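Peer 1: My questions are about this predicted structure, shown below with the sequence.
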Amino acid sequence: MQKFKIPSVPPTTNKCIRFPNDIIEEVEKAIQIIQTLEPTGIGAKDLRECFLLQIDALPEEKKTSDVLILRNIIENHLVAKMQNTI
């Protein structure tokens, strides 16, 4: 019995798939709905977005100046810190 070999993708092949705008909009709407589910932060693209979703979901009375500073740090510096560029 001969083994099945998966063909490799030539390096010059564009691996990007383009979708029509209406499908992209539907997917974005679905992601927004998923992001409203529990636990807060589900459906985030990455850790940064997960933290931001959690902070944004806090009630207004809990959004102290410390929380707003933390949000700024996460929004503007977390990725650089994770990549050890700062």
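Peer 2: Cool, the structure landed. Numbering: from 1, shown residues only.

Peer 1: shaky segments in this protein?
Peer 2: For the chain, the stretches flagged by pLDDT under 70 are 1-2, 4-15, 86.

Peer 1: Flag every buried residue along the helix of greatest length in it.
Peer 2: Counting by DSSP state H, the longest helix found in the chain is helix 65-82. Residues Arg71, Ile74, Leu78 are the ones in helix 65-82 that count as buried (16 or more other CB atoms under 10 Å). (Glycine included, C-beta is placed from N, CA and C.)

Peer 1: ok, the last one - contacts?
Peer 2: With contact set as CB atoms under 8 Å, 6 or more residues apart in numbering, Leu78 has these partners: Leu47, Arg48, Phe51.

Peer 1: just those now: which is nearest Cys16?
Peer 2: Lowest distance from Cys16 to these (CB to CB) belongs to Arg48, with 23.5 Å.

Peer 1: what sits against the closest one?
Peer 2: By CB under 8 Å, 6+ apart, Arg48 lies in contact with Ile74, Glu75, Leu78, Val79.
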